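Undergrad: build the 3D model from these lines:
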Amino acid sequence: MAKLIVDGPDLVVSLSPLEKLGARHGDVRVPLRTVLSVQAEPHPWEAVRGVRLAGTGIPGVAVLGTRYFKGGRDFVARRPAIRVELSDEAPYEQMLLSVRDPESTLAEIRDVTSV
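TA: Below is the predicted model of the structure:
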């Protein structure tokens with residue numbers, strides 16, 4: 001499971017070594033100022049958009065890595081549980097992440113970003 005960590009002015013998606021291998025990507029770091037919203041994702045598989053060019057995908061089971069679509073790119077870690085929407089300044093449009101405790105993770109991010 002990914003861990004979302006507030007590290008100074010950044011929001012960091014910390015991946016386990018296996019997730020890094022499957023995603024073909026290291027930890028993701030975005031400025032907190034680029035976070036537009038955070039919310040629970042009730043329909044995780046419907047939220048995954050685009051095509052996988054790097055990473056791993058098993059339909060209905062797990063998605064890891066960067067997804068590309070006409071409007072940009074998203075980062076997905078495992079089975080999505082929360083959605084973090086980002087501004088144009090960030091490298092991704094949104095991040096869909098599976099975290100151990102979605103409610104406390106959402107509360108922590110909302111506390112520091114006021115979204």
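
Undergrad: who touches the longest helix along the chain?
TA: Secondary structure assigned by DSSP state H gives helix 102-113 as the longest helix of the chain. Contacts with helix 102-113, where a contact means C-beta atoms under 8 Å, 6 or more residues apart in numbering, come from 4, 6, 11, 32, 35, 38-40, 81-82, 84, 99, 115. C-betas here are computed from N, CA, C, even on glycine.

Undergrad: recalculate using a threshold of 10 Å.
TA: Outside helix 102-113, the residues that touch it by C-beta atoms under 10 Å, 6 or more residues apart in numbering are 2-6, 9, 11, 32-41, 81-84, 97, 99, 101, 115.

Undergrad: in it, what's buried?
TA: Buried residues in helix 102-113, counting neighbours by 16 or more other C-beta atoms under 10 Å, are found at 102, 105, 106, 108, 109, 113.

Undergrad: out of the contacts of helix 102-113, which end up buried?
TA: 2, 4, 11, 32, 34-35, 38, 41, 81-84, 97, 99.

Undergrad: quick one: the residue nearest in space to the middle of the chain from residue 33, how far?
TA: Centroid check for the chain by C-alpha atoms, centre = their mean gives residue 95 as the closest residue, at 2.7 Å. Taking C-beta to C-beta, to the nearest Å as the measure, residue 95 falls 15 Å from residue 33.

Undergrad: with residue 17 instead?
TA: From residue 17 to residue 33 the distance is 30 Å (C-beta to C-beta).

Undergrad: same check, this time on residue 74
TA: 19 Å.

Undergrad: go on, residue 55?
TA: Distance from residue 55 to residue 33, by C-beta to C-beta: 27 Å.

Undergrad: now do residue 83
TA: Residue 83 is 18 Å from residue 33, by C-beta to C-beta.

Undergrad: what's the answer for residue 54, then?
TA: 27 Å.
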